[in-house]
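Enquirer: Build me a model:
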Amino acid sequence: MRSSLFYWAAVPAFMLVYSCQAGRSYARDEQVQTVSDSTTVAQREHNMLSLTSAERKRIRSADFRCRVNNVQQTSERVERLVRSLNGVVEESTQQNEYRSSKDIRYKPDSIKRVQLYTTTSNIRLRVPVTHLDSVVYTLSALSSFVDARKLSDKDASLLYLSNELQNESTPAPVLAPTRNDKAIDMNAVQADKTAEAVHRKIENLQIREDVAYSTITLQLYQPETADVQVLVNPDYVTSTPFATASLNALRDGAGAVLGFAVVLIALWPLWILAGLGYWGYRRFGKKVLAG
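Expert: Coordinates of the predicted model:
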């Protein structure tokens with residue numbers, strides 16, 4: 001009886017002491033974790049105070065509009081340079097803009113066509129940020145005249161930190177069973193939060209990519225160039241030689257005479273009537289006039 005009383009008194013006391021110790025340990029761990037998180041956030045905020053800090057997310061880019069001696073050769077040199085630096089040529093287009101065209105008589109059977117045109121090229125490049133300055137200096141050296149030059153250094157540190165902190169503070173979504181309208185609304189809210197978290201992660205990945213690889217937009221053009229071509233003179237090729245034209249004229253004249261003769265033959269009833277009228281006039285007309 002005494003042992004049973006001791007059992008029923010000792011076990012609850014032991015459980016009470018154990019739960020109090022576990023509660024203190026959990027509270028202590030939670031406090032340490034909170035202090036650690038706050039220290040991490042404070043450290044991040046401290047690092048963000050320096051514009052040259054390595055943790056800042058600075059996005060560098062460059063825009064150029066240059067005149068070069070030869071657009072095609074310069075474009076190929078730039079593309080080879082970027083690929084050798086482990087960069088990427090995202091887009092490269094080249095086209096000719098024609099200004100005017102004129103045909104000049106060159107020989108009796110040929111003409112000279114002169115076309116004035118300007119060649120332009122638009123290129124978009126992605127290069128490692130460590131090689132941006134060297135590529136910019138190379139572009140300046142390849143250009144005979146720089147129309148426009150823009151270097152940009154955009155800071156996306158605060159946006160990156162905001163996305164990171166929001167994702168860290170957002171709990172993992174727990175979907176409730178969809179048995180009523182309230183549960184469905186809770187699921188929709190959780191789905192929106194999940195989509196926002198994913199969007200922030202993707203946005204941070206894009207920022208990290210833009211920080212690692214700089215974008216260079218390049219527009220090249222060259223001075224107005226003349227394209228000269230010797231072509232066949234269409235008037236000379238399509239013209240008829242004199243002898244052939246003379247024979248054709250004789251044939252056309254003979255054809256016209258024959259056609260006129262055919263028309264006269266077709267009018268044979270008129271000729272018969274005219275002959276009868278003349279005969280009647282000669283036979284009876286003079287007697288009537290004499291009498």
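Enquirer: Identify the residue spatially nearest to residue 95, adjacent ones excluded.
Expert: In space, and not counting its chain neighbours, residue 95 is closest to residue 120: 6.1 Å by CB to CB, 6 or more residues apart in numbering. Bear in mind the C-beta positions are built from the backbone N, C-alpha and C, glycine included.
Enquirer: How about residue 60?
Expert: Leaving out its chain neighbours, the residue that sits closest to residue 60 by CB to CB, 6+ apart is residue 214, at 4.7 Å.
Enquirer: List of residues touching stretch 201-217?
Expert: Contacts to stretch 201-217, defined as CB atoms under 8 Å, 6 or more residues apart in numbering, come from residues 57-64, 87-88, 122-129, 132, 135-136, 139, 156, 159-160, 163-164, 167.
Enquirer: Inside strands: which ones of those?
Expert: 58-64, 88, 122-128 (DSSP state E).
Enquirer: out of these, who has the most neighbours?
Expert: In terms of neighbours by other CB atoms under 10 Å, the ones in strands among the contacts of stretch 201-217 top out with residue 125 at 26 neighbours.
Enquirer: List the contacts of that one.
Expert: 78, 82, 87, 88, 89, 90, 135, 215, 216, 217, 218.
Enquirer: ok, so of those residues, who is nearest residue 101?
Expert: Checking these against residue 101 by CB to CB gives residue 218 as the nearest, at 29.3 Å.
Enquirer: just checking, that closest one touches residue 78?
Expert: Yes: taking contacts as CB atoms under 8 Å, residue 218 lies within contact range of residue 78: 6.9 Å.
Enquirer: hey, what's in contact with both of those two?
Expert: 123, 125, 139.
Enquirer: what would these look like in JSON lines with distance to residue 226 and pLDDT?
Expert: JSON lines is the format used below for the shared contacts of residue 218 and residue 78 (distance: CB to CB, whole Å; pLDDT from 0 to 100):
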{"residue": "123", "distance to residue 226": "25", "pLDDT": "95"}
{"residue": "125", "distance to residue 226": "31", "pLDDT": "94"}
{"residue": "139", "distance to residue 226": "27", "pLDDT": "90"}
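Enquirer: any idea which helix or strand of the chain has the worst average confidence?
Expert: In the chain, no helix or strand scores lower on mean pLDDT, DSSP states H and E than helix 2-48, which sits at a mean of 47.
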